[in-house]
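Undergrad: what follows is a predicted structure for the sequence shown.
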Amino acid sequence: MTAIKHALQRDIFTPNDERLLSIVNVCKAGKKKRNCFLCATVTTERPVQVNVVKVKKSDKGDFYKRQTAWALRDLAIVDAKDAVKESPEFDLHFDKVYKWVASSTVEKNTFISCIWKLNQRYLRKKIDFINVSSQLLEESVPSGENQSVAGGDEEAVDEYQELNAREEQDIEIMMEGCEYAIANAEAFAEKLSRELQVLDGANIQSIMASEKQVNILMKLLDEALKEVDQIELKLSSYEEMLQSVKEQMDQISESNHLIHLSNTNNVKLLSEIEFLVNHMDLAKGHIKALQEGDLTSSRGIEACTNAADALLQCMNVALRPGHDMLHAVKQQQQRFSDLREQFARRLASHLNSVFVQQFTQTLLQLYNRSSYHSVPGHDQSSTLAQHSAELTLPNHHPFHRDLLRYAKLMEWLKNTDYGKYEGLTKNYMDYLSRLYEREIKDFFEVAKIKMTGTTREGKKFATLPRKESAVKQETESLHGSSGKLTGSTSSLNKLSVQSSGNRRSQSSSLLDMGNMSASDLDVADRTKFDKIFEQVLSELEPLCLAEQDFISKFFKLQQHQTTSGTTTNEVEEVDGVALSRSYTSGVPQTVSSEKDMIRQMMTKIFRCIEPELNNLIALGDKIDSFNSLYMLVKMSHHVWTAQNVDPASFLSTTLGNVLVTVKRNFDKCISNQMKQMDEVKISKKSKVGILPFVAEFEEFAALAESIFKNAERRGDLDKAYIKLIRAVFDSVEKVANESQKTPRDVVMMENFHHIFATLSRLKISCLEAEKKEAKQKYTDHLQSYVIYSLGQPLEKLNHFFEGVEARVAQGIREEEVSYQLAFNKQELRKVIKEYPGKEVKKGLDNLYKKVDKHLCEEENLLQVVWHSMQDEFIRQYKHFEGLIARCYPGSGITMEFTIQDILDYCSSIAQSH
């Protein structure tokens with residue numbers, strides 16, 4: 001072990017200026033034994049650093065290498081495992097626990113003892129030693145090699161001090177004065193001892209000689225102490241005087257602090273009082289305006305508005321903490337509450353009176369007009385039509401203009417007393433719904449009269465005139481309880497029921513009219529209906545928009561989205577009608593609720609619009625089912641316009657609902673036409689000609705193209721076209737199969753020719769495939785009819801050449817056919833002689849008469865068919881000539897008539913008829 005220690009000191013630690021104090025041969029616990037050495041080292045330079053170094057022997061040689069080093073100050077615990085029983089195992093707790101097994105317990109104990117001494121000297125007992133025998137820590141390590149390393153070397157490190165330059169110089173001078181200083185160290189030491197004793201005696205004598213100076217010095221010190229005592233007495237008196245001054249200064253400082261605190265409190269109190277006075281003081285002029293202000297004049301309304309705003313500001317002021325505890329503040333708040341309640345009640349009562357007054361004035365005008373026109377012998381329906389000849393709705397702009405002066409006050413009422421605001425809203429809806437119901441129903445009655453173009457009996461439309469006293473009584477009942485917000489509602493209900501009773505009978509009487517056939521109406525009638533329907537929609541739109549705009553402004557309801565959010569428009573299809581529904585995300589709930597409130601108010605005020613429109617649509621459909629085309633286009637355009645403005649508005653929703661009804665009527669019209677096609681019956685005694693539903697399709701298509709030009713709902717028409725044209729094709733096929741008088745090919749040819757001509761003229765893009773199909777069917781059945789009707793005009797000759805073709809098909813050469821007994825030249829001449837030109841012309845004349853009998857005059861296909869038959873006959877003639885030339889070459893046999901003869905015969909027959 002000593003050799004290893006010297007080798008480690010020389011090779012590893014000396015180059016690093018370190019000295020090895022203790023060493024232990026160890027291996028890691030629980031692993032394959034690979035020995036290494038734990039070394040306790042100190043540096044030779046100060047400050048001294050103590051390390052625990054792990055040294056490992058190299059695998060490729062006998063030299064050692066430094067593997068890991070830990071600073072001793074990082075060692076927290078040394079665990080010897082067992083303080084009683086000898087064990088080679090021990091643990092060192094650095095940043096983690098290292099478990100070791102020593103080669104012997106002696107080496108382990110020596111190493112732990114060295115660590116303990118280093119801890120005592122350099123770390124001030126920082127390391128904890130557990131499971132270590134106390135005897136090991138208290139006693140010195142047994143004599144031996146390791147003891148000298150752990151103890152002697154350490155003490156040498158502690159006691160050894162290097163000489164400085166001066167000390168070295170003094171020693172050299174002293175040694176130079178003695179010749180035997182080096183040769184005889186003992187004599188030199190004895191000499192130094194004797195000189196030291198001489199010096200000590202000289203020092204003692206010197207001390208004893210200086211006793212007199214010491215006594216003088218002590219006397220001087222006593223005098224100095226007395227002077228110090230006198231100075232301390234003066235300082236004590238000065239301190240007492242300064243203490244008195246300090247107390248006076250403290251009193252002055254405390255007084256100044258109280259004065260400053262008082263001033264600060266006064267400033268804050270003044271600030272609070274100014275705040276309360278400035279923010280909670282309402283001017284006398286405002287108080288007077290709230291209590292007695294004129295709500296009829298513009299100046300009075302403006303004064304009341306300013307006073308109400310000032311009152312609201314006073315009531316909504318953000319009080320500072322503690323203000324609400326002040327009695328004066330409580331009194332002022334109670335006064336403001338009383339003023340608010342008083343003015344809110346007065347404002348609500350006044351606005352309710354304005355509603356009633358406006359309603360009764362308009363209603364009296366309607367009654368007076370009815371009384372004026374209801375003189376004996378006067379037809380009231382005609383008078384109503386004359387009065388509303390322009391088909392317009394009354395303008396409510398003056399009424400809105402007068403009420404908009406109160407818009408700011410309504411906003412104030414909404415913010416301060418929502419109950420009264422809600423009551424006014426309900427009353428406004430009640431009054432206006434009755435007024436609009438009367439006006440709109442009169443408007444629709446006039447529209448129905450204009451649509452029908454006739455006037456029913458006077459009693460059907462007449463509204464019984466009310467006497468002046470009855471009107472006065474009703475208006476008085478309206479005003480009798482105007483002080484209450486809902487006092488006049490019951491009387492208005494009675495008035496509405498009485499005044500609208502006859503209108504229901506008017507609507508039902510119009511709808512009781514019998515169905516009118518589309519053939520009884522010309523284009524002028526349909527155009528008139530279109531203009532009337534457009535006028536109705538054009539009058540309703542601005543009326544609804546104006547009322548909605550007024551409601552938004554007057555009742556301060558947010559009509560349009562003004563805050564950030566995302567609006568998603570979803571398209572919902574109902575009966576083929578695309579209706580836009582808007583959903584708003586990220587918008588405050590108040591915006592959505594106010595928009596819903598506008599829609600609810602509009603729905604209640606104009607509750608009669610949708611049923612009246614549906615009645616008008618039913619009447620138009622009853623007059624002429626084709627009117628649904630006009631209504632679909634007009635209604636779609638107005639719905640599209642309304643949805644572009646506001647997809648969720650009342651107008652957009654109502655027109656969208658009505659559009660669903662119009663679309664259903666349109667689909668019903670298409671379904672009825674298809675049903676009529678299925679139910680059509682043809683006469684068995686007369687020729688068929690152009691079928692009625694084919695002509696009706698032409699009429700429908702021409703009318704639809706003129707109506708749907710540049711329309712938004714072209715897709716609906718295209719779908720209807722596809723359904724109708726397929727139904728027409730199927731029905732033509734069905735009728736042609738059932739026809740007995742007219743050949744099937746004639747029915748198919750004429751009707752498909754008519755369909756093809758119609759589609760070519762109208763140029764309907766979605767029916768291009770059907771147009772080509774119609775042309776193909778027409779061509780096929782024309783060819784079929786020509787072949788069927790022409791038959792075999794030269795029957796015997798045809799049979800002869802069929803036999804010739806049969807022989808050729810059996811393998812006989814064409815030149816050898818003439819040698820067959822049944823088909824020789826004599827037989828051919830005999831057959832040809834039976835068909836002179838006169839007989840051919842007679843047969844063609846009979847054929848022309850038969851074709852003329854089959855075809856109808858309106859389609860004018862006789863010449864086309866006759867020309868096709870002429871071409872077919874010439875084709876057969878050329879076929880016979882070709883067979884003669886190939887099978888009977890050089891015989892000189894020819895037909896007794898030529899192609900020119902055929903052309904002359906056909907032309908002559910056509911001209912004669």
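TA: Okay, I see it. Numbers count the residues shown, from 1 in each chain.
Undergrad: I'd like to know how far the closest residue to K54 other than its chain neighbours sits from V97.
TA: Leaving aside its sequence neighbours, K54 sits nearest to T68 (CB to CB, 6 or more residues apart in numbering; 4.3 Å). Just so you know, the C-beta spots here come from the backbone N, C-alpha and C atoms, and that holds for glycine as well. Going from T68 to V97 by CB to CB, to the nearest Å gives 15 Å.
Undergrad: A318 too?
TA: For A318 relative to V97 (CB to CB), the value is 66 Å.
Undergrad: which of the two has more neighbours?
TA: Using other CB atoms under 10 Å as the criterion, A318 and V97 rank with V97 on top: 11 against 6.
Undergrad: any idea how far that one lies from H327?
TA: 77 Å.
Undergrad: which parts of the protein are strands?
TA: 18-28, 36-43, 50-57, 64-71, 77-79, 89-93, 97-102, 128-130, 566-574, 577-585 (DSSP state E).
Undergrad: and of those, who's closest to H350?
TA: Nearest to H350 among the strands of the chain is strand 577-585 (36.4 Å), distances taken as CB to CB.
Undergrad: which residues touch R713?
TA: 632-633, 636 (CB atoms under 8 Å, 6 or more residues apart in numbering).
Undergrad: again but with S784, I slipped
TA: For S784, the contacting residues are D745, by CB under 8 Å, 6+ apart.
Undergrad: how does it look with 10 Å?
TA: 743-745, 748-749 (CB atoms under 10 Å, 6 or more residues apart in numbering).
Undergrad: pLDDT below threshold where in the stretch 51-200 of the chain?
TA: 61, 125, 139-162, 179-182 (pLDDT under 70).
Undergrad: same thing but 90
TA: 56-67, 72-74, 76, 80-88, 95, 103, 106, 117-129, 131-200 (pLDDT under 90).
Undergrad: how about the helices in it?
TA: 105-122, 134-138, 145-147, 153-159, 165-176, 185-209 (DSSP state H, counting those that start in this stretch).
Undergrad: hey, which of these is tucked in deepest?
TA: helix 105-122 (a mean of 21; mean count of other CB atoms under 10 Å).
Undergrad: quick revisit: need the strands of the chain in a markdown table (columns: distance to F533).
TA: Below are the strands of the chain laid out as a markdown table (distance: least, CB to CB, whole Å):
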| stretch | distance to F533 |
| --- | --- |
| strand 18-28 | 104 |
| strand 36-43 | 109 |
| strand 50-57 | 106 |
| strand 64-71 | 102 |
| strand 77-79 | 103 |
| strand 89-93 | 101 |
| strand 97-102 | 99 |
| strand 128-130 | 105 |
| strand 566-574 | 21 |
| strand 577-585 | 17 |
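Undergrad: of those, which is nearest S652?
TA: strand 577-585 (7.3 Å).
Undergrad: quick revisit: residue contacts, the residue nearest to K54?
TA: 36, 38, 52-56, 94, 98.
Undergrad: ok so, going back, of the helices of the stretch 51-200 of the chain, which approaches D904 most closely?
TA: Using CB to CB, the helices of the stretch 51-200 of the chain put helix 105-122 closest to D904, at 145.9 Å.
Undergrad: how far does that closest one sit from the chain's center?
TA: On the basis of CA atoms, centre = their mean, to the nearest Å, helix 105-122 sits 78 Å off its chain's mean C-alpha point.
Undergrad: stretch 346-357 too?
TA: 44 Å.
Undergrad: what do you get for stretch 798-806?
TA: 82 Å.
Undergrad: repeat for stretch 701-716
TA: Worked out by CA atoms, centre = their mean, stretch 701-716 lies 35 Å from the chain centre.
Undergrad: buried set for that stretch?
TA: Within stretch 701-716, the residues that count as buried by 16 or more other CB atoms under 10 Å are 701, 703-704, 707-708, 711, 713-714, 716.
Undergrad: now do stretch 209-223
TA: Buried-residue list, stretch 209-223, by 16+ other CB under 10 Å: empty.
Undergrad: give me the residues contacting that stretch.
TA: In contact with stretch 209-223 (CB under 10 Å, 6+ apart) are residues I207.
Undergrad: pLDDT averaged over it - what is it?
TA: Per-residue pLDDT over stretch 209-223 has a mean of 84.
Undergrad: leaving out the residues flanking it, which one is nearest to S636?
TA: Leaving aside its chain neighbours, S636 sits nearest to R713 (4.4 Å; criterion: CB to CB, 6+ apart).
Undergrad: gap between the one you found and N614?
TA: Taking CB to CB, one finds R713 at 19 Å from N614.
Undergrad: so how far is C114 from V50?
TA: 10 Å.
Undergrad: shared neighbours, those two?
TA: With CB under 10 Å, 6+ apart as the test, V50 and C114 both reach 21, 40.
Undergrad: correct me if wrong: F275 contacts H323.
TA: Yes - with contact defined as CB atoms under 10 Å, F275 reaches H323; the gap is 8.4 Å.
Undergrad: between the two, point out the one with more neighbours.
TA: Using other CB under 10 Å, the more surrounded residue of F275 and H323 is H323, with 18 against 14.
Undergrad: so what's the more buried one scoring on pLDDT?
TA: 77.
Undergrad: and if you look at H560?
TA: The per-residue pLDDT reported for H560 equals 47.
Undergrad: try the one 3 residues further on
TA: In this model, T563 is scored at 38, pLDDT.
Undergrad: one more: the one 3 residues further on?
TA: The pLDDT attached to T566 in the predicted structure is 39.
Undergrad: who are the contact partners of Q673?
TA: So Q673 contacts 625-626, 693, 696-697, 700, 720, 723-724, 727-728 (CB under 10 Å, 6+ apart).
Undergrad: now the angle from whichever helix in the chain runs longest to helix 185-209?
TA: For the chain, the helix with the greatest residue count under DSSP state H is helix 211-279. Interaxial angle, helix 211-279 versus helix 185-209 (axes from the mean of the first three to the mean of the last three CA atoms, to 10 degrees): 80 degrees.
Undergrad: hang on, V42 packs against V53?
TA: No - judged on CB under 10 Å, V42 makes no contact with V53 at a distance of 11.1 Å.
Undergrad: separation between the spatially closest residue to L432 that is not a sequence neighbour and N657?
TA: Nearest residue to L432, sequence neighbours excluded (CB to CB, 6+ apart): I605, at 4.8 Å. Applying CB to CB, the value for I605 to N657 is 16 Å.
Undergrad: still on that earlier bit, just the contacts of Q673: which are in helices?
TA: Under the assignment DSSP H, the contacts of Q673 contribute 693, 696-697, 700, 720, 723-724, 727-728 to helices.
Undergrad: quick check, nearest of those residues to F897?
TA: For those, the nearest to F897 is V728 (44.2 Å; CB to CB).
Undergrad: contact partners for that closest one?
TA: Contacts of V728 by CB under 10 Å, 6+ apart are 673-674, 677, 691, 693-694, 696-698, 751-752, 755, 770, 774.
Undergrad: who wins for neighbours among those?
TA: N751 (30 neighbours).
Undergrad: before we move on, the earlier item: CSV for the ones in helices among the contacts of Q673, including pLDDT and distance to E437?
TA: Converted to CSV, these look like this (pLDDT from 0 to 100; distance: CB to CB, whole Å):
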residue, pLDDT, distance to E437
F693, 87, 44
E696, 87, 40
F697, 86, 43
F700, 86, 38
A720, 88, 36
K723, 90, 40
L724, 90, 40
A727, 89, 43
V728, 89, 46
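Undergrad: pick out whichever of the residues you listed sits closest to F336.
TA: Using CB to CB as the measure, the one of the ones in helices among the contacts of Q673 that approaches F336 most closely is A720, at 68.4 Å.
Undergrad: contact partners for the closest one?
TA: Here A720 is in contact with 629, 632, 666-667, 669-671, 673-674, 700-701, 704, 708 (CB under 10 Å, 6+ apart).
Undergrad: distance of V228 relative to Y238?
TA: The gap separating V228 from Y238 is 15 Å, by CB to CB.
Undergrad: equivalent analysis for A757, please.
TA: 139 Å.
Undergrad: again with V277
TA: 58 Å.
Undergrad: same check on K126?
TA: 53 Å.
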